[in-house]
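[1] Everything below, folded, please.
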Amino acid sequence: MKKIWRFIKTSLRFRVVFLVLLAALPALSIILYTGLQQREGVLKDARDNALQLVRFAAQRHEVVIEDTRVFLVALSHSMDPSDANFDGCGHLFTHLKQVHFPFYSAFYVADLEGNILCTMPDGDLPEDLLGCHHYLSLIGARDFVISEYHICRNTGKGVISMGFPVYNNSDEQVGVINISIDLKWFNDFAQQADIPPKSSLTIFDKNGTILAHFPNPDYWVGKSILEGSVEENILQLKNGTLSGYGADHVERLYAFMPLSGSEDSVFISLGIPVDYAFSEVNRTLVRNLILVGFVTILLLVSAWFLGDWVVMRPIKLLVDTTQKLAAGDLSVRVAHDYDSSEFAVLVHSIDEMAEALSQRETEREASASAIQAYAEELERSNRDLLDFANIASHDLQEPLRKIATFSDMLQIRYGDSLDGRAKDYIDRIQASAKRMQSFIIALLAYSRLSTQVKLKEIVDLNDVARNVLSDLDMQIEQTEAEIKVSELPLVKADPVQMHQLFLNMINNSLKFRKPESPVKIEVRGKTVVGAAFEHMDHTFEAGYFEIIFSDNGIGFDEKYLDRIYQPFQRLHRFDKYEGTGMGLAICRKIIERHDGEIEAHSSPGEGATFVVRLPIINSTGGEA
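    Numbering: from 1, shown residues only. Sure thing, here's the model as predicted:
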């Protein structure tokens, strides 16, 4: 998986495809946003339509009630239970139900003693009129009487009963006439109104008893609404719209209101399925998404194959060219015409770079040849210089030895006969010859440092210090010097040159001492790990060693720092402090041969401190 992800991140073709996907996102976002906006509009329209249907159903119910009232009044004036003949009355009621009023569940005419005088054969009649609250309310009534919406005890139907008193010509009540309306007429209304599939039209009272229900009235009528269903919220809100799950556990958009004349005790609600309400907008959304998906896939395929032709092939050509350049073939060129496109600029830049690299390589080869010739000439000059130094030292030392020998012979044979001035001349000749011999020896040692091969091995500087102190034992004893050597590190170096370094540094401190003070010399070491140490073209990352030489001698003025390391440079006269002026020059040469550095700190009369830094071997930028 990581390899696949790494390939996707580094593949240019996948990046082109990814850009196409990003370009498709705005269209997808617009479609989704439009779909959401359409859903909100559809939701509002569905609620408005449902509320309009509910109001229309309630108005139709009011019309039915009013038509029934008018009909009852008309029938009451045409019938006199005291002298009327009711033989054809039942057939009349049956005809009216079958032809004109199919939602009437019962017709009857009764006297004031609870006797039914006329009814249709299949009507829903109470078993005992004297036990019927509605019948009793009609006795003595002067106007139209309507019962509460209720479940008929005999049939289990949801009904509402309406009656009117019957009077004779003397304006005396002689009976009652009653019509019961089966609330299933709402089912017929729902079918005629062509409400959406799986919609529900429900009539229920304030106690939660379902009086009518579309569809499946036989199952629902007489049952109570379920706990937690949307009808419970309708009982509290009474009028309006909401979304929720009905008694049949289907999510719908509901519109509801109380039936007129029920005094908010009976409610009608119409629920339209959410799936149906959103079906069209969902189809549109899916269609648009499929269209965008198809277009996106087409673009991706085009980007995949056309991208190879338009983008990948030029890039591969550039990559191949740059790889050949990196491999050292500076003659290769892209040499492809892309008119004035960005690729043309890039191709032109790469070809110019290749041409510049080729020219620089030619110049470098010429420079390398010149440097090689110069190095060979320098090596020859060094050999000639060394040969000259060896010959010169031998040829110069031979006369010096003869001068010294003959001056010694003069002093031995004729010393007693010479006066003081002659003896002084001979002493001066001997001193000058000895000093000249020291110069020659020092010069030869200095010249050999420039040509010797650096043989580096692990050197214990503690052993070097002990050997040097042993060599200087006589001078140390004569000067009564106190020399303290602390723990020193192990370094990778030339042991002979390290011995020469320590010998020169300590001997320098013994030489330039204060006559009136005992000599004190301290040698200590320190290792600095991890600090970068730079020397010429080398950068040593591992750190460096520090060797510190300090004394309490005569010191010097730091304005002479640029002179003390120069060959044959002296800050004092020969008659005061002997020496050739080559000691520190040799020391610096040794330190440079080991990629190190030396610095000095001093004041006149305050002693001197020399700090030598040698790198821990772990370098970059050159040969370690």
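[2] From here on, just use CA atoms for contacts and neighbour counts.
    Will do.
[3] Name the residues of the host helix or strand of residue 136 that are buried.
    Here residue 136 sits within helix 133-138, counting by DSSP states H and E. Residues of helix 133-138 classed as buried under the neighbour-count rule (16 or more other C-alpha atoms under 10 Å) are 134-135, 138.
[4] what's the answer for stretch 222-241, then?
    Of all the residues in stretch 222-241, those buried under the rule 16+ other C-alpha under 10 Å are 222, 225, 229-232, 234-235, 238-239, 241.
[5] Tally up the residues packed near residue 60, please.
    Neighbourhood size, residue 60 [other C-alpha atoms under 10 Å]: 14.
[6] Figure out how far whichever strand or helix holds it is from the centre of its chain.
    Element membership for residue 60 (DSSP H and E) is helix 12-78. Centre-to-centre, helix 12-78 and its host chain are 44 Å apart (C-alpha atoms, centre = their mean, to the nearest Å).
[7] So which bits of whatever helix or strand comes next after that helix are buried?
    Sequence order places helix 89-95 as the next helix or strand after helix 12-78, per DSSP H and E. Neighbour counts using 16+ other C-alpha under 10 Å place 89-90, 93-94 of helix 89-95 among the buried residues.
[8] Which strands and helices lie in contact with helix 89-95?
    In this structure, helix 89-95 packs against strand 116-119, with contacts taken as 3 or more C-alpha pairs under 8 Å, 6 or more residues apart in numbering; DSSP states H and E.
[9] try 10 Å
    Applying 3 or more C-alpha pairs under 10 Å, 6 or more residues apart in numbering; DSSP states H and E, we find helix 89-95 packed against strand 104-111, strand 116-119.
[10] Figure out which of the ones you listed is closest to residue 156.
    Minimum separation from residue 156 across the helices and strands packed on helix 89-95 (C-alpha to C-alpha) falls at strand 104-111, 11.7 Å.
[11] Export only the CA atoms of that closest one, formatted as PDB.
    The C-alpha trace of strand 104-111 is given here as PDB (Å, rounded to 0.1, in the frame of the first residue of the first chain):
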ATOM      1  CA  TYR A 104     -75.100   6.800   5.200                       C
ATOM      2  CA  SER A 105     -74.800   3.800   7.500                       C
ATOM      3  CA  ALA A 106     -78.300   4.200   9.000                       C
ATOM      4  CA  PHE A 107     -81.800   5.800   8.400                       C
ATOM      5  CA  TYR A 108     -84.600   5.500  10.900                       C
ATOM      6  CA  VAL A 109     -87.800   7.200  12.000                       C
ATOM      7  CA  ALA A 110     -88.900   6.500  15.600                       C
ATOM      8  CA  ASP A 111     -91.600   7.700  17.900                       C
END
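[12] by contact count, what packs against that strand?
    Packing contacts for strand 104-111, counted by 3+ C-alpha pairs under 10 Å, 6+ apart, involve helix 12-78, helix 89-95, strand 116-119, strand 158-167, strand 173-182.
[13] Tell me the strands beside that strand, with direction?
    For strand 104-111, the paired strands and their directions (DSSP bridges) are strand 116-119 (antiparallel), strand 173-182 (antiparallel).
[14] and the residue nearest to residue 149 when sequence neighbours are not counted, how many neighbours?
    Spatial nearest neighbour of residue 149, chain neighbours left out: residue 160 (4.8 Å); criterion: C-alpha to C-alpha, 6 or more residues apart in numbering. Using other C-alpha under 10 Å, residue 160 is surrounded by 21 other residues.
[15] thought residue 160 was touching residue 103?
    No. Using C-alpha atoms under 10 Å, residue 160 is not in contact with residue 103; the gap is 11.0 Å.
[16] tell me, what's touching the two both at once?
    Contact criterion C-alpha atoms under 10 Å, 6 or more residues apart in numbering; residues shared by residue 160 and residue 103: 180-183.
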